[in-house]
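[1] what shape does this take:
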Amino acid sequence: MGLGVKCLAAVSWVVLWVVLDQATSSLLSQFRRGQAQTSAATSSAQRQCTQKPSPVWYTYRAKSLDSPDHDGVAAGENRAAGPSQEDLERKNEEERERVSATAEADTARRTNTERQATIVGAFRHAWNGYREHAWGRDTLRPISHGHEEWFDLGVTLVDSLDTMHLMGLDAEFAEAREWVSTSLDVGKDRDVNVFETTIRVMGGLLSAFHLSNDTLFKDKAVELADNLLPAFATSTGIPLSDVNLFQGNASSPKWTAESSIAEVTTIQMEFREISRLTGDSKYQELVDKAMTHVQSQPILDGLVDLFINPHSGVFTKGTLTLGARADSYYEYLLKQWLQCNRTEHRFADWYRTSLAGIEKHLVRHSVPSHLLFVGEQLSNGEFNPKMDHLVCFLPGLLALGSAHGVDAERSGDHLELAQQLMYTCLQMYFAMPTGLSAELVYFGQHGGESDIMVRENDRHNLLRPEAVESLFVLYRVTGNDMYREWGWNLFSAFEKHCKVAGGGYTSIGDVSSVDNTQPRDKMESFFLAETLKYLYLLFGDDKDVLPLSKYVFNTEAHPLPVWESVT
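    As a prediction, this is how the structure comes out:
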């Protein structure tokens with residue numbers, strides 16, 4: 001997801017060595033032996049990529065999927081003489097291997113089908129808790145059987161529409177559709193956050209329309225977009241963060257006069273899609289103006305500051321990070337280029353520049369195990385070895401850009417970087433006793449430190465989707481089944497530590513304790529919209545379901561179509 005709020009209070013450290021458990025070690029040994037197969041659909045950029053050895057990343061060489069030659073006659077061999085005993089034994093061995101490989105493939109397909117069905121069951125469990133205890137409300141409190149109101153827009157319901165449609169949950173989808181028709185009021189007298197409302201509610205409505213062809217969802221999305229437009233009424237074109245949907249009054253949040261960079265640059269895909277659907281260019285013009293203004297400001301090698309003043313249009317010098325309040329800025333640089341069918345090259349240029357800046361200023365390796373990670377640069381220029389879980393969106397983004405040739409000369413390098421960073425994200429899970437990642441971690445940079453360290457106030461897990469999102473994209477790009485195995489490990493940890501008996505899943509307060517996870521009694525809407533959706537797609541064998549060549553996922557995992565033509 002885009003925006004997150006973190007507490008960084010200076011408190012005691014929990015130091016955790018990166019130690020793989022038995023299951024993880026087995027997975028890695030399989031990975032070293034190269035048992036994972038590379039998808040035949042992998043782009044030529046990936047097929048030509050030569051993986052470099054790394055102390056922490058295990059490369060693999062794909063085995064041939066070609067069927068054995070059943071002719072059994074070598075060039076120049078005399079057919080009349082018949083096959084020799086040696087030839088017969090060779091053919092028998094080849095046939096046994098073929099039958100064995102076919103059986104293994106069938107078993108794998110059954111296993112993935114069963115796993116996908118289990119994911120659907122998990123969604124039903126989450127949805128039933130919401131339906132029973134928080135119907136039409138924004139957020140479920142699964143333990144207390146209550147709810148939390150945020151914007152009073154049925155956020156969890158709307159955010160989940162496309163997931164239900166993809167999973168074939170027709171009855172649930174129909175019931176939710178009826179609520180949208182009769183109860184969703186996108187013009188009520190209430191202040192909402194423009195960014196969150198756009199990615200979750202507008203994005204959810206748009207994707208529901210594209211998957212179902214039901215114009216109800218499109219009409220609601222357009223109405224919502226119109227009610228959010230007052231936020232753009234600034235001299236700079238940088239939108240204010242909040243707007244009252246009925247009164248049309250826009251404002252900054254009470255705690256600051258500024259907007260975060262993610263808020264003002266992660267609404268573009270949705271508003272541009274509204275323009276395409278309606279034929280009215282005003283929506284796209286407004287968000288393009290905001291993006292262009294951001295690019296006009298002083299930017300260090302493509303890296304942007306965290307906050308910008310909507311009235312002056314000037315950055316507030318601060319931390320350079322790919323974590324909270326900045327992450328999805330970089331995501332939408334690439335995705336806007338993909339959305340417009342790779343015709344607006346400025347987005348690709350900005351993306352390439354930012355990647356070079358990330359590699360130059362933010363990429364480091366941990367001590368002692370040499371884990372590649374993406375840290376932060378503080379306002380005084382010092383490096384901070386902190387990485388939010390949110391940054392785990394980056395492996396998927398790198399793989400997506402590599403597959404689409406956004407930087408053809410460096411596609412192989414970017415894919416390798418994606419794989420190494422994915423491994424680090426997995427270690428953030430496997431290092432914890434629960435098998436779940438903390439909200440953010442610090443990496444050792446000096447002798448005597450551990451690779452991964454977690455502060456007490458950062459031990460929580462919010463059911464976030466970024467790691468499984470990247471596993472899904474990397475699987476689609478490479479065909480490497482290890483990403484599925486790792487995804488199943490992550491899902492199993494959610495099932496074990498976050499599932500609530502009465503329905504729903506809860507975020508937890510302490511991933512470092514198996515005995516006392518400190519459940520927080522909250523199920524974020526993105527668990528249904530993103531985490532479970534990406535897991536469902538990860539275990540699907542039909543690559544024609546939302547192919548990455550035809551759909552682009554917004555930062556809330558809502559698929560929007562690649563434009564067939566751009567006028």
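[2] and the strands in the stretch 251-400 of the chain, which stretches?
    Here the stretch 251-400 of the chain has its strands, by DSSP state E, counting those that start in this stretch, at 259-260, 307-308, 315-316, 363-365, 372-374, 376-377, 383-384, 386-388.
[3] among those strands, which comes closest to residue 273?
    Proximity to residue 273 (CB to CB) singles out strand 259-260 among these, at 21.8 Å. Heads up, the C-betas are built off the backbone N, CA and C, glycines and all.
[4] partners of that closest one in the sheet?
    Paired neighbours of strand 259-260 in the sheet (DSSP bridges): strand 307-308 (antiparallel).
[5] for the partner strand, give the mean pLDDT please.
    Mean pLDDT, strand 307-308: 96.
[6] and the nearest residue to residue 109 once chain neighbours are set aside, how far from residue 484?
    Counting by CB to CB, 6 or more residues apart in numbering, the nearest residue to residue 109 once its immediate chain neighbours are dropped is residue 541, at 6.1 Å. Between residue 541 and residue 484 the distance is 10 Å, computed by CB to CB, to the nearest Å.
[7] more crowded one of the two?
    residue 484 (20 against 10; other CB atoms under 10 Å).
[8] could you look up the SS state of the more buried one?
    Assigned by DSSP: H, G, I helix; E, B strand; the rest coil, the conformation of residue 484 is helix.
[9] distance check, it against residue 116.
    10 Å.
[10] okay, buried residues for stretch 381-390 please.
    385, 386, 387, 388, 389, 390 (16 or more other CB atoms under 10 Å).
[11] what about the strands in the stretch 401-550 of the chain?
    Per DSSP E, counting those that start in this stretch, the stretch 401-550 of the chain carries strands over the ranges 440-443, 452-455.
[12] my guess is residue 247 meets residue 189, correct?
    Yes - counting by CB atoms under 8 Å, residue 247 does reach residue 189; the two are 6.5 Å apart.
[13] and the closest residue to residue 449 other than its chain neighbours, how many neighbours does it have?
    Nearest in space to residue 449, with sequence neighbours left out and distances taken as CB to CB, 6+ apart, is residue 367 at 6.1 Å. Residue 367 sits with 17 neighbouring residues when counted by other CB under 10 Å.
[14] got it, and residue 250?
    21.
[15] next one: the one 3 residues further on
    Here the neighbour count serves as a burial measure; for residue 253 (other CB under 10 Å) it reads 15.
[16] ok, and what's touching stretch 139-158?
    129-130, 132-138, 176, 179-180, 183-184, 186, 188, 190, 192-193, 196-197, 200-201, 204-205, 208, 500, 502-506, 519, 521-525, 528 (CB atoms under 8 Å, 6 or more residues apart in numbering).
[17] tell me which of those fall in helices.
    129-130, 132-133, 176, 179-180, 183, 196, 204-205, 208, 525 (DSSP state H).
[18] what's the farthest-apart pair in these?
    The widest separation within the ones in helices among the contacts of stretch 139-158 (CB to CB) is 24.9 Å, between 132 and 196.
[19] between the two, which has more neighbouring residues?
    It is residue 196, of residue 132 and residue 196, that has more neighbours when counted by other CB under 10 Å, with 22 against 14.
[20] surely the residue nearest to residue 109 touches residue 110?
    No - proximity of residue 541 to residue 110 does not meet the contact threshold set by CB under 8 Å, at 10.4 Å.
[21] shaky segments in the protein?
    Scanning the chain for pLDDT under 70 picks out the ranges 1-85, 87-89, 91-107, 565-567.
[22] residue 247 and residue 189: who's more crowded?
    Taking neighbours as other CB under 10 Å, residue 247 and residue 189 compare with residue 247 leading, 13 against 10.
[23] look at that one and tell me its secondary structure.
    Residue 247 ends up coil, using three-state DSSP.
[24] which residues are in contact with it?
    Residue 247 sits next to residue 189 when contact means CB under 8 Å, 6+ apart.
[25] for it, what are phi and psi?
    phi -80, psi -30 (degrees, to the nearest 10).
[26] kindly report the same for residue 227.
    phi -70, psi -20.
[27] so what's it closest to, chain neighbours aside?
    Leaving aside its sequence neighbours, residue 227 sits nearest to residue 245 (CB to CB, 6+ apart; 4.5 Å).
[28] right, and the one you found touches residue 184 too?
    No - here residue 245 does not reach residue 184: they are 11.6 Å apart, not a contact under CB under 8 Å.
[29] when the two are compared, which one has more neighbours?
    residue 245 (24 against 21).
[30] contacting residues for that one?
    Counted by CB under 8 Å, 6+ apart, residue 245 has contacts 186, 187, 188, 189, 190, 192, 224, 227, 228.
[31] any idea how far residue 469 is from residue 291?
    Taking CB to CB, one finds residue 469 at 23 Å from residue 291.
[32] comparing the two, which shows the higher neighbour count?
    residue 469 (26 against 22).
[33] grab the most central residue of the chain for me.
    Within the chain, one residue has its C-alpha closest to the average C-alpha position: by CA atoms, centre = their mean, that is residue 469, at 3.3 Å.
[34] check contacts around that residue.
    Each residue near residue 469 by CB under 8 Å, 6+ apart is listed here: 392, 393, 396, 530, 534, 553, 557.
[35] columns distance to residue 450 on top of the buried residues of stretch 381-390, output as CSV?
    Formatted as CSV, those follow (distance: CB to CB, whole Å):
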residue, distance to residue 450
385, 12
386, 14
387, 14
388, 18
389, 18
390, 22
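[36] farthest-apart pair in these, please.
    Farthest pair in the buried residues of stretch 381-390, by CB to CB: 385 and 390, 15.9 Å.
[37] return the most buried member of the strands of the stretch 251-400 of the chain.
    strand 386-388 (a mean of 26; mean count of other CB atoms under 10 Å).
[38] one step back: shared neighbours of residue 541 and residue 484, anything?
    residue 112.
[39] please work out how many residues are found near residue 241.
    Neighbour tally, residue 241, other CB under 10 Å: 24.
[40] just to revisit the earlier point, ok, so of the buried residues of stretch 381-390, who is nearest residue 379?
    Closest approach between the buried residues of stretch 381-390 and residue 379, by CB to CB: residue 386, at 14.1 Å.
[41] from residue 465, how far off is that closest one?
    For residue 386, the distance to residue 465 equals 20 Å [CB to CB].
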